[in-house]
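>>> I need the structure of the sequence given here:
(4 chains)
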Number of protein chains: 2
Amino acid sequence: MKAPPIDIDRLFHALGDHTRRAILDRLCERPMSVSALAAPLGITLTAVAQHLQILEMSALVHTEKLGRVRTCRIEPAGFTALERWISDHRTVWQQRLDRLGELLAEGGDQH
Amino acid sequence: MKAPPIDIDRLFHALGDHTRRAILDRLCERPMSVSALAAPLGITLTAVAQHLQILEMSALVHTEKLGRVRTCRIEPAGFTALERWISDHRTVWQQRLDRLGELLAEGGDQH
DNA sequence: AGAATACTGAAGTATTTACTTGACAATCAA
DNA sequence: TTGATTGTCAAGTAAATACTTCAGTATTCT
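This is a model prediction of the structure:
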């Protein structure tokens, strides 16, 4: 029941690549084999498999091999971790931005 | 009033670096000069300046030079763009995950 | 069995990245 | 003016990244 902790560095890195985000978008439509994913991408099967490894390490996709075909699907854990990071930081950022606003206001009043 | 559109690729890339996230965290406390930022990071001033350029292009920080000191502070635009990306995708992902659940349930019933 | 399919693994390459060094420019302080 | 502070610019480097090719290995089809 205990999932490995998700590395936020790895997660952002995974999402920082256009091709990997395209893969995620396609997987939102339906689970798919590696070659089905590769078909419209214009890169080799090997390259796609490499991207999938990175996406899997970030808990953004889950893959499972049955017979000779590996089926890939979206996994929510990575996405959830990202949302948690965002919400953790939003509060801090908002606080600090508010404080900055106050400081600027004070500075404006100051003389 | 028209801000340049934020490149999500660039944004994720900016956030995918540990040092850059550390810079952001420090800037949440208060606006700071480049050398103040560099001090605890153990890297050269030049390196920090380079990170700041990347953060600025992603609309995550704003910098302004007055006299010889460049003051850096958090800018909300990049963060807001990230939140928008997340919320846009959350709905799609959730829909697809729900649909996946249905498909699995159907499959389970099927025979 | 033989051929096609679906991937896997190892190794190589071009580009990008995260840094560095060192020389310089501008500003402020004594 | 002299000297220290604060940052910038141009180049260079080592490692990481996003690919590639080529040679396998299972697995399914006929």
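>>> right, is the helix or strand where residue A:12 lies up against DNA strand D?
Element membership for residue A:12, per DSSP states H and E: helix A:8-15. Yes. With Cβ under 7 Å from any atom of the strand as the criterion, DNA strand D is reached by helix A:8-15 at residue A:13. In this view, the C-beta of every residue, glycine as well, is placed from N, C-alpha and C.
>>> ok, residues contacting that helix?
Here helix A:8-15 makes contact (Cβ atoms under 8 Å, 6 or more residues apart in numbering or on different chains) with A:20-21, A:54-55, A:57-60, A:78, A:81-82, A:85, B:12-13, B:15-18, B:21.
>>> Recalculate using a threshold of 10 Å.
A:7, A:20-21, A:24, A:51, A:54-61, A:78-79, A:81-82, A:84-85, B:8-9, B:11-18, B:20-21, B:82, B:85, B:89 (Cβ atoms under 10 Å, 6 or more residues apart in numbering or on different chains).
>>> Any part of that helix near DNA strand C?
No. Judged by Cβ under 7 Å from any atom of the strand, helix A:8-15 stays clear of DNA strand C, getting no closer than 8.6 Å.
>>> Just want the most central residue of chain A.
residue A:15 (4.4 Å; Cα atoms, centre = their mean).
>>> how far away is that one from residue A:90?
According to Cβ to Cβ, to the nearest Å, residue A:15 stands 18 Å off from residue A:90.
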